[in-house]
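1. Here you go, sequence then predicted model.
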Amino acid sequence: MVRRSLLAASACVGVSMCWSPAWALGTGPTIRDLVEIADIAAPTISPDGRDVAYRIEKPSVAVNDTPTGWYVAPVDGSSPPRKVGDGGMAITTDEGANVELPLWSSDGRFVFYRAQIDGQVQVWRAAADGTGARAITHDAADVEAFQLDEAHHRLVYRVGATRDAIARAEQSEYEDGILIDKTIDVAGGLYHNALIHARPTSWRNTGAWFRSGGLLDAVPRAAHAVDLETLAVSDASDVPPADIGSRTALWGQDKKGWYRIRTDSGDRRGQVAIRIDGTARSLVVTRPDGSAVTCRAAFCSTGRIDLAQWAPRDDVLLVTVTTDNLQQLYLWTVGAPSARLVIQGDGQWSGDRDNYYPCALGSAAIACVRADATTPPRLVSIALTDGKVHDLDTPNVAIAGLGAVHEEDLTWDDGAGQTFIGHLFVPAAAAHGRVPLFISYYICSGYLRGGTGDEEPLVPLAQSGIAALCIQRQSDKAGGGDSVSHYGFALSGIRAIIDRLDARGLIDRTRVGMGGLSFGTEVTAWVASHSNLVAAISTSSTLFEPTYWWFNGVAGRDIQDGFRKGWQIGAPDETPDRWKQISTAANVDLIHAPWLMQMPEQEYRLNMELYSRLTETGKAAELYAFPDEPHIKTQPRHKLAVYQRNLDWFRYWLQAYVDPDPAKADQYRRWQAFAQKPAPATAAQGGPSQSRTQISMSSKVRMRK
């Protein structure tokens, strides 16, 4: 495929695979580059439409944290961006750095934002001209949310328990013993089992599924106000705490059902929401009188509606629609039969790296975080008059390019009518013969550094001679509510693309590796136990085993209900046949690929039956657990270690390569011992054959320098 332009897209018609050249030439990113890439988030346009405020977060291996800063740039690109304030260290969740929009003062002079500095979270006010920033709250509790009330010359904010109260409660619980009830994630530890606001904190279950918070998260919230001139603090008893900062909500459920994003205009226009019904999405505007307008324009049914945002004043929405790898931005007048396409292109046009927040819409331009598979994040603006794109901030320009690697956008089918999409990084070595292949399956949006969770270094793998493929999960195309059917759908697509790349003469199908996080872990384990496709695997998350059921089974939890709905499974003694189908631990005899597990401390215990069975039966398996890490790892040094070990792992098993670094000698001695064990008999469902293992390992004695 020719790389899609900004204003027009070419389709792969009548072919099963399409190719596109690399975005630029260069040395390509190193593993440390991938860890320390600067991400841009939360672009917000000033009331007069002239400037955009945004945050840059740049992980640092040196400090093992993610420093952030706030910037302002003119939307027309007429002058360089200016730093207006220090954002402190990123406020993190189990999905990485928390994204939240700043607020502009109505006169455009100031930008307000939360910052985590010196172990506390307060609201800061930065002068938009870059002349200074200061904290305007000094609360004994961390500020959770805030909003401006300029009519009363104040800022209103919400807090929970004070930091001292939380520390005292944690110490009291430590001394008196910890009651195991529905709030305890037994697998995640008990005391100071997580980092919240950079402080060791006792993390507890506080809501649906695995929603978590601090020990006193249930304490009633209070609303306070700060006078914007004197900074005097008072109670804000006239404002319900729950309403503060609640205009926009992500991924939730209300009286009308599930929504992907819900945003209130704050005026007579009403509320817009992307409603979810099974695999279908609809764009619905609810007026203050309760009447509803559902989008019937063609663009609302031709792709997946991802994001929506109100225009500053008019009855107009900026709507983001994704079709395969193509993202489109539309301006839609509510109720109109059609919409204006502003721009479209490969990759991502959004307000953050994870496509949770929309681009910022102003009176004259749109400001977006722009990235694609080979182009690191940058901030751009799109003029509403002519669609002209301006680069506003390019913090990653030094690492653009792929070096001796090119990228292909792939589209293929599995022969049964199911279509798949993905991005393939092809090493220069492929020009001289077949190369190994690594596959990641889950989310492949934006700049591809390491698949979901950033753990598998895709470009460095390709630079090392291993083709690296990221396959985008398309949950709206298969499975319904049955997760096992999703696994089967994924396996079908993976088998099909291996067949095609093999037929093309690009890969050696006996040297295929696979890895992933979360759903990617589940698919990797399924492929390893239900096919003979993979020769080595690496995973980052827990799998669903009987242990998982009981660890999360204390009365009052909703995890088991989720199991029944999503996996059609009950207690192990209630549905033993279904558990036999789903449990990887119950099927270790089908696993023949060497298995590396690099898991967060909060999850590794749930995989101990699987790991024990693997090691007891002589399988090649290693498990690393990373302290103080949630579902998605956040500490830069941990990410660096995971990237490097995954690169070493797949180079060893797929290329017979041993890094001569003396610091890694113990690692390779263990792996060499695995390799020299007799290969287990191939199961009926097929693992890698013994001959493949012998051939692959025969070159291990030639330690490459």
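-> Structure received.
2. going forward, measure contacts between C-alpha atoms and count neighbours the same way
-> Noted.
3. What pLDDT is listed against residue 594?
-> pLDDT recorded at residue 594 is 98.
4. Please report phi then psi for it.
-> Torsion angles at residue 594 (phi, psi; degrees, to the nearest 10) stand at phi -50, psi 140.
5. go on, the one 3 residues further on?
-> Residue 597 adopts backbone torsions of phi -120, psi 130, taken as degrees, to the nearest 10.
6. Beta-bridge partners for it, please?
-> residue 539, residue 623 (DSSP bridges).
7. wouldn't it be in contact with residue 626 here?
-> No - the pair residue 597 / residue 626 is not scored as a contact, 10.8 Å apart, by C-alpha atoms under 8 Å.
8. With neighbour numbers in mind, choose between the two.
-> In this view residue 597 and residue 626 are compared by other C-alpha atoms under 10 Å, and residue 597 has more residues nearby, 23 against 19.
9. Which pLDDT does the model give the more buried one?
-> So, for residue 597, pLDDT stands at 98.
10. what residues are up against it?
-> 538, 539, 540, 541, 621, 622, 623, 624 (C-alpha atoms under 8 Å, 6 or more residues apart in numbering).
11. Let's see that with 6 Å instead.
-> Contacts for residue 597 were tallied using C-alpha atoms under 6 Å, 6 or more residues apart in numbering; they are 538, 539, 540, 623.
12. that older thread, which residues are in contact with each of residue 597 and residue 626?
-> With C-alpha under 6 Å, 6+ apart as the test, residue 597 and residue 626 reach no residue in common.
13. Need the three-state assignment for residue 607.
-> helix (DSSP: H, G, I helix; E, B strand; the rest coil).
14. Nearest residue to it in space, ignoring adjacent ones along the chain?
-> The spatial neighbour of residue 607 that comes closest, neighbours along the chain excluded (C-alpha to C-alpha, 6 or more residues apart in numbering), is residue 542 at 5.8 Å.
15. Distance check, the one you found against residue 387.
-> With distances taken as C-alpha to C-alpha, to the nearest Å, residue 542 is found 45 Å from residue 387.
16. And these two? Which one has more around it.
-> Using other C-alpha under 10 Å as the criterion, residue 542 and residue 387 rank with residue 542 on top: 24 against 16.
17. Quickly find the element holding that one.
-> Counting by DSSP states H and E, no helix or strand carries residue 542.
18. And for residue 172?
-> Here residue 172 is assigned to helix 163-176, by DSSP H and E.
19. pLDDT averaged over that helix - what is it?
-> 95.
20. which strands and helices sit next to the helix or strand that that helix is followed by?
-> The helix or strand immediately downstream of helix 163-176 is strand 194-196, counting by DSSP H and E. Packing contacts for strand 194-196, counted by 3 or more C-alpha pairs under 6 Å, 6 or more residues apart in numbering; DSSP states H and E, involve strand 199-201.
21. Flag every buried residue along the strand it packs on.
-> Buried residues in strand 199-201, counted by 16 or more other C-alpha atoms under 10 Å: residue 201.
22. quick one: strands adjacent to it?
-> strand 194-196 (antiparallel).
23. Name the SS class of the residue of the chain most remote from its centre, please.
-> Here the chain reaches farthest from its C-alpha mean at residue 230, the gap being 41.1 Å by C-alpha atoms, centre = their mean. What three-state DSSP gives for residue 230 is coil.
24. what's near enough to touch it?
-> Contacts of residue 230 (C-alpha under 6 Å, 6+ apart): none.
25. so how far is residue 155 from it?
-> 12 Å.
26. Quick one: end-to-end distance for stretch 102-112.
-> End-to-end for stretch 102-112, by C-alpha to C-alpha: 6 Å.
27. now do stretch 231-251
-> Across stretch 231-251, first to last residue, C-alpha to C-alpha, it's 35 Å.
28. Quick one: residues in contact with that stretch.
-> 145-147, 158, 222-226, 259-264.
29. Just among those residues, which is most surrounded?
-> Ranking these using other C-alpha under 10 Å puts residue 146 first, with 26 neighbours.
30. Now that residue: which helix or strand?
-> Residue 146 belongs to strand 143-149, assigned by DSSP H and E.
31. same thing with residue 648?
-> Assigned by DSSP H and E, residue 648 falls in helix 636-655.
32. What's the first helix or strand after that helix?
-> Following helix 636-655 toward the C-terminus (DSSP H and E): helix 665-676.
33. Buried residues, that next one. List them.
-> Of the residues in helix 665-676, those buried (16+ other C-alpha under 10 Å) are 668, 671, 672, 674, 675.
34. Report how many residues lie close to residue 555.
-> Residue 555 has 9 nearby residues by other C-alpha under 10 Å.
35. The strand holding residue 146 pairs with which strands, parallel or anti?
-> strand 154-159 (antiparallel).
36. ok now the strand it pairs with, how far from the chain's centre?
-> 30 Å (C-alpha atoms, centre = their mean, to the nearest Å).
37. so residue 82 bridges to which residues?
-> residue 72.
38. One more: the one 4 residues further on?
-> With DSSP bridges as the criterion, the beta-bridge partners of residue 86 are residue 69.
39. Next: residue 310.
-> residue 317.
40. isn't it right up against residue 317?
-> Yes - here residue 310 reaches residue 317: they are 4.7 Å apart, a contact under C-alpha atoms under 6 Å.
41. And those two? Which one has more around it.
-> residue 310 (24 against 21).
42. do you know how far the more buried one is from residue 267?
-> Distance from residue 310 to residue 267, by C-alpha to C-alpha: 11 Å.
43. do residue 600 as well
-> 44 Å.
44. who's more crowded, these two?
-> Legend: neighbour count by other C-alpha under 10 Å for residue 600 and residue 267, higher for residue 600 (23 against 10).
45. so who does the more buried one touch?
-> Residue 600 touches 625, 626, 629, 630, counting by C-alpha under 6 Å, 6+ apart.
46. Secondary structure of the last one: a strand, I assume?
-> Right, the one you point to is residue 630. No - counting by three-state DSSP, residue 630 is not part of a strand but coil.
47. I'd like to know how many residues surround residue 277.
-> Neighbours around residue 277, by other C-alpha under 10 Å: 10.
48. And for the strand holding residue 146, what's in contact with it?
-> 121, 122, 155, 156, 157, 158, 159, 244, 245.
49. Is residue 134 in a helix, a strand, or coil?
-> On the basis of three-state DSSP, residue 134 is classed as strand.
50. Show me the helices in the stretch 1-150 of the chain, by range?
-> For the stretch 1-150 of the chain, the helices defined by DSSP state H, counting those that start in this stretch cover 31-35.
51. Spell out, range by range, the strands that occur in it.
-> Under the criterion DSSP state E, counting those that start in this stretch, the stretch 1-150 of the chain contains strands at 39-45, 51-57, 67-74, 82-89, 92-93, 96-97, 103-104, 110-117, 120-127, 133-135, 143-149.
52. Can you pull the domain assignment for this protein?
-> Structural domains annotated on the chain: 248-395, 399-543+584-697, as defined by automatic domain parsing.
53. Tabulate those (CSV), appending distance to residue 117.
-> Formatted as CSV, the domains of the chain follow (distance: least, C-alpha to C-alpha, whole Å):
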stretch, distance to residue 117
domain 248-395, 22
domain 399-543+584-697, 17
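54. of all those domains, which lies closest to residue 182?
-> domain 399-543+584-697 (16.1 Å; C-alpha to C-alpha).
55. Nice, that's everything, thank you.
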